[in-house]
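Visitor: here are the coordinates; sequence isn't available:
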RNA sequence: GUGGGAUUAGCUCAGCUGGUUAGAGCACUGGUUUGUGGUGCCGGGGGUCGCGGGUUCGAAUCCCGUAUCCCACCCCA
C-alpha cells in the first residue's frame, strides 16, 4: 500500500467538514474588515524566502523543501504565506498604485520538520496581509479581528504582545545584547547557538540557569526608540479601550526576520507543546527588501489544523432524500423520480433492491431527512411512499 | 537533527513466561413469520500479526535492522 509521506495528511471526513466550516466563517469575518481574496503559487524561487524570511531563521536554514526544477531553477515549496503575497503585491505594482490594500489567503505550507502534536510537514494557514497602513490602529484592528475569529469558534486562548523595535532601535539593542552574552559565562549550548543566529531568542530559553544569568541583561522594551514606543502604546491603549485582554511578553520573538514593531501570538493551553494558534506582526521593511517601494504592512496567519483541533463538530443535520426500491420492477420509476427530486433537493439514490427496513437503515445512515420508497404496491398505485425520518410521519405522493 | 512510546480485522484493543485452525467490542453486511430507521435477536464477510533479517523443531510472542505513527526537545501556525 502506498501511504502519504511522513507528516502529510489527507483531509477526509470529519476533518473536511471542519475545514469547510472554518474557511466559510473566517472568510465571512475578514471580508467585514475589508480583506479580499488573493492566491499566489505554492512553488516559488528559493531566493524569495531567503531574502524575506531570512537565512538565519530555522525555516530557511533547515526546514525548506528545496529542489532544482527541470529548467534548472532553484525553487521551494512555500514554508509560509507572507513572502509570496508580498512578491505578488510588488509584481502587480500595487506598491506604486498606492493606497491601502488588504488581502486574505489560505492554503498549504511546507516545512521539513519532525511531526508532533499540531505540527505537520504539510499544514494549512489562513492569513491576512494589510499593505499601506502605518497607523498602529491597524495593528490593534487586526488583533481585534483575530479575536473575533477565535471567539466565533469558541476556543480558549491568550494574546501575547511585544514590540520588536525597528531598524533604528533593534540593531543597537542586538549589539548590546550580544556583548552582554559574550561577557557572561555559563549559558547553555542552545543559547550559545542562539547568540549567533537569533540572539533575542535567548530570552525564551527554558533553562532556569540561563534565565538567572539573563536577569541583568538589557531588555528591548526599555531600549525602543521614541517612534516604536509611542506606536506600541497606541496599540495597547486601543486594545484596553475595547476591553481586550493581553499579556505583554518581552520574550516573544518571531522566528521570521522580516518582523518589526508590533508582534503578537495567540496561544492556547488546549494545544500541545505547539501552542500558537495564530501569530503575526508588522513588517514595514519587507516590501522594499523585495524590490518594492517602501510600504508599511502588517499581517498574521492562523494554523488551521491547530484551530480545528480545538473545535467541536456540530451534528450533521438531516437533509434531502434517500431513494430505494423494494423490487426490481420499481427501479425504473424510482430512478426517474429521484432524478426529478434532484432538481430541488439533495438526493442519495440506492440502486440495490432491499427490504424496507434495510432502506430505512440506509436513509438514516445517509443522514437523509426523507426516505422515498417504491415497491410493488406503490408501483401498482402510481405513487411513491415517503417517510419523514425526523418527524416520523409518512405520506404517499403521486409519481410524476 | 536528538530522545521516549507504539505498530495484531475498517476502528479501539486482548493475546500470560514462544506451542495446534489469532480473538473481543464497535463498525460493515444480511436475515429476523405480515413493508417501518437511528435503539432487540441471530448470522456473515474481513487479518501475509508494519516490513526485512536472525534465534528455534516451532515466532504475533525473543533479538537486530528499517519504515510509519504518537509525544517531547528544537522551532513555529
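Guide: Yep, that arrived. None of these values were measured; they are calculated from a predicted model. Numbers count the residues shown, from 1 in each chain, chains lettered A, B, ... in the order given.
Visitor: residues of the host helix or strand of residue A:230 that come out buried?
Guide: Applying DSSP states H and E as the criterion places residue A:230 in helix A:226-241. Neighbour-count burial for helix A:226-241 flags A:228, A:231-232, A:235-236, A:238-239 (criterion: 16 or more other Cβ atoms under 10 Å). Bear in mind the C-beta positions are built from the backbone N, C-alpha and C, glycine included.
Visitor: and what of stretch A:45-53?
Guide: Within stretch A:45-53, the residues scored as buried using 16+ other Cβ under 10 Å are A:46, A:48-53.
Visitor: list of residues touching it?
Guide: A:59-60, A:64, A:66, A:73-76, A:78-80, A:82-84, A:86-87, A:256-258, A:286, A:289-290 (Cβ atoms under 8 Å, 6 or more residues apart in numbering).
Visitor: that one near RNA strand B at all?
Guide: No: judged by Cβ under 7 Å from any atom of the strand, stretch A:45-53 stays clear of RNA strand B, getting no closer than 8.7 Å.
Visitor: what sits against residue A:303?
Guide: By Cβ under 8 Å, 6+ apart, the contact set of residue A:303 is A:118, A:123-125, A:276-278.
Visitor: tell me the one among those residues nearest to residue A:264.
Guide: residue A:278 (8.3 Å; Cβ to Cβ).
Visitor: got CSV for the buried residues of stretch A:45-53, with pLDDT, distance to residue A:113 and secondary structure too?
Guide: Converted to CSV, the buried residues of stretch A:45-53 look like this (pLDDT from 0 to 100; distance: Cβ to Cβ, whole Å; DSSP: H, G, I helix; E, B strand; the rest coil):
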residue, pLDDT, distance to residue A:113, secondary structure
A:46, 95, 18, helix
A:48, 95, 20, helix
A:49, 94, 15, helix
A:50, 92, 18, helix
A:51, 91, 22, helix
A:52, 90, 19, helix
A:53, 88, 15, helix
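Visitor: before we move on, back to that, could the contacts of residue A:303 be laid out in a markdown table, adding secondary structure and neighbour count?
Guide: A markdown table is the format used below for those (DSSP: H, G, I helix; E, B strand; the rest coil; neighbours: other Cβ atoms under 10 Å):
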| residue | secondary structure | neighbour count |
| --- | --- | --- |
| A:118 | coil | 20 |
| A:123 | strand | 20 |
| A:124 | strand | 23 |
| A:125 | strand | 22 |
| A:276 | strand | 17 |
| A:277 | strand | 26 |
| A:278 | strand | 25 |
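Visitor: and RNA strand B, which of those reach it?
Guide: With the criterion set as Cβ under 7 Å from any atom of the strand, the members of the contacts of residue A:303 near RNA strand B are A:118, A:123, A:125, A:276-278.
Visitor: between these, which is closest to residue A:326?
Guide: Checking those against residue A:326 by Cβ to Cβ gives residue A:123 as the nearest, at 48.5 Å.
Visitor: can you give me how far stretch A:179-195 is from the chain middle?
Guide: In terms of Cα atoms, centre = their mean, to the nearest Å, the centre of stretch A:179-195 is set 35 Å apart from its chain centre.
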